[in-house]
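Q: This is a predicted model, with the sequence first.
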Amino acid sequence: MKVDVLLGLQWGDEGKGKVVDVLTPNYDVVTRFQGGPNAGHTLEFNGEKYVLRSIPSGIFQGGKVNVIGNGVVLDPLLFKQEAEALAASGHDLTKQLYISKKAHLILPTHRILDAAYEAAKGSGKIGTTGKGIGPTYTDKVSRNGVRVGDLLYNFEEKYAAAKGRHESILRSLNYEYDIKELEAQWFEALEYLKQFKLIDSEHVINNFLKEGKSVLAEGAQGTMLDIDFGSYPFVTSSNTICAGCCTGLGVSPRNIGDVYGIFKAYCTRVGSGPFPTELFDNTGDMICELGHEFGSVTGRKRRCGWIDLVALKYAVMINGVSQLIMMKSDVLDTFDTIKACVAYKINGEEVTEFPYEIEGTVEPVYVELPGWKTDMTKMQSEDEFPEEFNAYLSFLEEELGVPVKIVSVGPDREQTIVRYTED
């Protein structure tokens, strides 16, 4: 067996949570391989809405094993809040959820450092969610991190040393703070965390594969936020691409199977950073309103624009995407014309390869396609797709060189149409 990977191809918020929930009936194990609790995966079914921040989206499928991998950074307090909310809805996580000992812990002082660093940058701030994720990954890379497994080995000593380092930095930044209440809640949450299965996830997952169990790996954020290949420095602090699955779970490249690349029929971005196809007109406002484009965790309004095929082709290439999944097709149901960016104009020259720098100098080159002007939210098969929508799908497949296997026409898990089905 191999690990199939599902990840975002844009700037995050593509709708990964819903798709994982749709795909999980086909898998025995569902995992998260990177990211922190700033990644809100929203799922809707049976009239209820759930937002998952650190817990894999397969938690709603009874009997599935869910694993938080070593590439994730975990805030015990936010994890406790999330897990308790799910327990109240009738999902017993203690039996289904495993947590890697090698996952790093977000400490209370990491949150304070996050705010202090952003404040120090002034107008050059990145636009982080302030949850301490960047500082936690910084400690991880500098070999100063505190891991989940440290709860079992001299934890008090390791925590005190990390807190002392952070306090020294905060003093140098002249940043005022008070973490007494936050720290007390955090230690209480640590006790809650201990009731879950803390595992050596690399051994557990590879043993699952040897036993013939199928594994789905769920990424957070999106490809264009990858620390190495995204729109640096306006990126997240982890590897959001397919290669991050190998390091975030401990599986070899040869054990990667299908790579599902998920994208919206248009494009969005949260926070600061370049966004070549961003719309500042009524069309952008309409996409935002129709798509309910507000962060599921932060509530922040997302910036909206037309689909960017230069960036999307780049994401397909570096992830080795084998199947595409298009979300929120229904958001464009009422538009007369649909635009797609097929090239960038930089200093008067058209380029189709994603460049090193896209800040401020890029003019998108668009092609226009006729809109379908049809309510697609009630459709149940591709046979019902209007001709113009089929033309849009064919155009995307030709540009990207990969089939669009799944199309979402609404937020509910039932509003998901699988294409190319065999009789």
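A: Done, it's in.
Q: Please pull out the lowest mean pLDDT helix or strand from the protein.
A: The helix or strand of the chain with the lowest confidence, counting by mean pLDDT, DSSP states H and E, is strand 41-45 at a mean of 65.
Q: Go through the helix or strand following it and flag the buried ones.
A: Along the chain past strand 41-45, the next helix or strand (assigned with DSSP states H and E) turns out to be strand 48-52. Counting neighbours by 16 or more other CB atoms under 10 Å, one finds that the buried residues in strand 48-52 are 50, 52. The way it works is simple: take the backbone N, C-alpha and C, and place the C-beta from them, glycine included.
Q: now do stretch 110-129
A: Residues of stretch 110-129 classed as buried under the neighbour-count rule (16+ other CB under 10 Å) are 110-118, 126, 128-129.
Q: What average pLDDT does that stretch get?
A: Predicted confidence along stretch 110-129 averages 80 (mean pLDDT).
Q: so how far is that stretch off the chain centroid?
A: On the basis of CA atoms, centre = their mean, to the nearest Å, stretch 110-129 is displaced by 21 Å from the centre of the chain it belongs to.
Q: and the longest helix belonging to the chain, C-alpha only, in PDB?
A: With secondary structure taken from DSSP state H, the chain has its longest helix at helix 155-172. Backbone C-alpha positions of helix 155-172 (Å, rounded to 0.1, in the frame of the first residue of the first chain) are rendered in PDB as follows:
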ATOM      1  CA  PHE A 155       9.500  18.000  30.700                       C
ATOM      2  CA  GLU A 156       9.700  20.700  33.400                       C
ATOM      3  CA  GLU A 157      13.400  21.200  32.800                       C
ATOM      4  CA  LYS A 158      13.000  21.500  29.000                       C
ATOM      5  CA  TYR A 159      10.000  23.800  29.300                       C
ATOM      6  CA  ALA A 160      11.800  26.100  31.800                       C
ATOM      7  CA  ALA A 161      14.800  26.400  29.500                       C
ATOM      8  CA  ALA A 162      12.600  27.200  26.400                       C
ATOM      9  CA  LYS A 163      10.600  29.800  28.400                       C
ATOM     10  CA  GLY A 164      13.800  31.400  29.700                       C
ATOM     11  CA  ARG A 165      15.100  31.800  26.100                       C
ATOM     12  CA  HIS A 166      11.800  33.400  25.000                       C
ATOM     13  CA  GLU A 167      11.700  35.800  27.900                       C
ATOM     14  CA  SER A 168      15.200  37.000  27.100                       C
ATOM     15  CA  ILE A 169      14.100  37.800  23.500                       C
ATOM     16  CA  LEU A 170      11.000  39.500  24.600                       C
ATOM     17  CA  ARG A 171      13.000  41.700  27.000                       C
ATOM     18  CA  SER A 172      15.300  42.700  24.100                       C
END
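Q: helix or strand right after it?
A: Heading towards the C-terminus - elements assigned by DSSP H and E - helix 155-172 is followed by helix 180-193.
Q: Can you name every helix or strand that that following helix contacts?
A: For helix 180-193, the contact count by 3 or more CB pairs under 8 Å, 6 or more residues apart in numbering; DSSP states H and E identifies helix 76-88, helix 108-121 as packing neighbours.
Q: Would you format the ones you listed as JSON lines with distance to residue 205 included?
A: Formatted as JSON lines, the entries for those read as follows, by distance: least, CB to CB, whole Å:
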{"stretch": "helix 76-88", "distance to residue 205": "20"}
{"stretch": "helix 108-121", "distance to residue 205": "27"}
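Q: Among the buried residues of stretch 110-129, which one lies nearest to residue 22?
A: Ranked by distance to residue 22 (CB to CB), those are led by residue 129 at 26.4 Å.
Q: what's the neighbour count on the nearest residue to that closest one once chain neighbours are set aside?
A: When the adjacent residues along the chain are set aside, residue 129 lies closest to residue 38, with 4.0 Å between them (CB to CB, 6 or more residues apart in numbering). Using other CB atoms under 10 Å, the number of residues around residue 38 comes to 26.
Q: can you give me phi and psi for the residue nearest to residue 301 when sequence neighbours are not counted?
A: Leaving aside its chain neighbours, residue 301 sits nearest to residue 294 (5.7 Å; criterion: CB to CB, 6+ apart). For residue 294, the backbone dihedrals (degrees, to the nearest 10) come out as phi -130, psi 140.
Q: before we move on, back to that, and the buried residues of stretch 110-129, which is closest to residue 199?
A: Of all the buried residues of stretch 110-129, the one with the least separation from residue 199 (CB to CB) is residue 110, at 23.5 Å.
Q: Quickly note the distance from the residue lying farthest from the centre of the chain to residue 365.
A: For the chain, the C-alpha farthest from the mean C-alpha position belongs to residue 348; by CA atoms, centre = their mean, that distance is 34.4 Å. According to CB to CB, to the nearest Å, residue 348 stands 12 Å off from residue 365.
Q: and if you look at residue 379?
A: As judged by CB to CB, residue 379 and residue 365 stand 32 Å apart.
Q: between those two, who's got more neighbours?
A: In terms of neighbours (other CB under 10 Å), residue 379 is the more surrounded of residue 379 and residue 365; the figures are 20 against 16.
Q: now the helix or strand hosting residue 318: mean pLDDT?
A: Counting by DSSP H and E, the secondary-structure element that holds residue 318 is helix 309-319. Across helix 309-319, pLDDT averages out at 98.
Q: Buried residues of it, list them for me.
A: Under the neighbour-count criterion of 16+ other CB under 10 Å, helix 309-319 has 309-316, 318-319 buried.
Q: Can you tell me which of those is nearest residue 66?
A: Among these, and counting by CB to CB, the member closest to residue 66 is residue 319, at 22.8 Å.
Q: Let me see the contact set for that closest one.
A: In this structure, residue 319 makes contact with 5, 7, 9, 223, 241-242, 259, 261, judged by CB atoms under 8 Å, 6 or more residues apart in numbering.
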